[in-house]
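Engineer: please work out how this folds:
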Amino acid sequence: MTVTALRSLPVPRSVDDLLWEARSGLDRLSPAHAAAAQARGALLVDIRPHVQRVAEGEIAGALVLERNVLEWRLDPQSSARIPLASYELEVVVVCSEGYTSSLAAAALQVLGVSRATDLEGGFVAWRAAGLPTVPGGTPAGERSGARLLDLDTERWEVRVAGEPVHLTRQEFRVLAALDEARGRVVSRELMAQLLDIYPVTTRALDVHVCRLRAKLGAAGTSLLTVRGVGWRLLP
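Structural biologist: Predicted coordinates:
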């Protein structure tokens, strides 16, 4: 290998280096300051996985967005963004002990969400400070224990943020299949069967899914396209 090639190789860095760099651009908040920020309208975002939230509990009023979807949900330019997403949004990211949250908050800043920061000490510190918590286990995308998307297959009813949504029989069957898949992809072939589309054409499927996504409003951003394969509903 030539000297020039050796010089072009990336210099190894530790995760501690990445953490220090991330935190250098954050105005991190103590539990008390994070609670005050939440009271004035800041969005606390819990990125812990479901199993950790079940074991530890959750912050009352926090929005659950697990780490693997965080940027897609809070990037104002993302097709999968939540309605609250904006560059001016004050976001306080929360993990268990305040490490992963620093890296996540820095990633949001790179996207232009300049007021993103994180909670020092994470949920553990929040709980130790005696601040409000609730039992864990809230599904991702829900706030304050109220379901964003509520599907009752026995009554054939759909509600988004508590408001009824009127779907056609085919649309309801599609949504039920997506919900039952629990985040896995529903294939184009199955989708066509549920929508009674024959022959299967990309245009016809896209139109029906687009209509369903529009009817779901705020919850429609959870319906993601897996190009060339099918669709899936974020848990």
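
Engineer: rest of the way, CA atoms for contacts and neighbours
Structural biologist: Fine.

Engineer: flag every buried residue along the lengthiest helix in the chain.
Structural biologist: In the chain, with assignment by DSSP state H, the single longest helix is helix 202-215. Under the neighbour-count criterion of 16 or more other C-alpha atoms under 10 Å, helix 202-215 has 205, 208, 209, 212, 213, 215 buried.

Engineer: average pLDDT for that helix?
Structural biologist: Helix 202-215 comes out with an average pLDDT of 80.

Engineer: now tell me what touches the next helix or strand after it from outside.
Structural biologist: Towards the C-terminus, the helix or strand next in line after helix 202-215, according to DSSP states H and E, is strand 223-226. With C-alpha atoms under 8 Å, 6 or more residues apart in numbering as the test, strand 223-226 has contacts from 80, 185, 213, 231, 232, 233, 234.

Engineer: quick one: residues contacting the third one.
Structural biologist: Remark: with contacts taken as C-alpha under 8 Å, 6+ apart, residue 213 is in contact with 219, 220, 221, 223.

Engineer: domain map for this protein?
Structural biologist: As given by automatic domain parsing, the domain ranges for the chain are 9-134, 150-233.

Engineer: so which residues of the protein form strands?
Structural biologist: 43-46, 58-59, 63-64, 91-94, 116-118, 133-134, 149-152, 157-160, 163-165, 186-187, 223-226, 230-233 (DSSP state E).

Engineer: for residue 19, which of these is the nearest?
Structural biologist: strand 116-118 (12.3 Å; C-alpha to C-alpha).

Engineer: helices or strands up against that closest one?
Structural biologist: strand 91-94, helix 100-110 (3 or more C-alpha pairs under 8 Å, 6 or more residues apart in numbering; DSSP states H and E).

Engineer: average pLDDT for the first one?
Structural biologist: Over the span of strand 91-94, the pLDDT mean works out to 97.

Engineer: partners of it in the sheet?
Structural biologist: strand 43-46 (parallel), strand 116-118 (parallel) (DSSP bridges).

Engineer: starting at the chain centroid, how far to the longest one?
Structural biologist: Read that as strand 43-46. Relative to the mean C-alpha coordinate of its chain, strand 43-46 is positioned 10 Å out (C-alpha atoms, centre = their mean, to the nearest Å).

Engineer: give the buried residues for it.
Structural biologist: So, applying 16+ other C-alpha under 10 Å, buried residues of strand 43-46: 43, 44, 45, 46.

Engineer: what does stretch 125-137 give?
Structural biologist: Within stretch 125-137, the residues scored as buried using 16+ other C-alpha under 10 Å are 125, 126, 127, 133, 136, 137.

Engineer: what about this protein, any weak spots by pLDDT?
Structural biologist: 1-8, 137-147, 200-202, 218, 235 (pLDDT under 70).

Engineer: residue closest to the middle of the protein?
Structural biologist: Nearest to the mean C-alpha position of the chain, counting by C-alpha atoms, centre = their mean, stands residue 65 at 3.4 Å.

Engineer: okay, the helices and strands packed on strand 116-118, which one's buried deepest?
Structural biologist: Here the criterion is mean neighbour count by mean count of other C-alpha atoms under 10 Å, and of the helices and strands packed on strand 116-118 the winner is strand 91-94, at a mean of 29.

Engineer: contacts for it, please.
Structural biologist: 34, 42-48, 101-102, 104-105, 115-119, 122-123.

Engineer: equivalent analysis for stretch 117-130, please.
Structural biologist: In contact with stretch 117-130 (C-alpha under 8 Å, 6+ apart) are residues 26-32, 34, 58-59, 91-99, 101-102, 105-106, 133.
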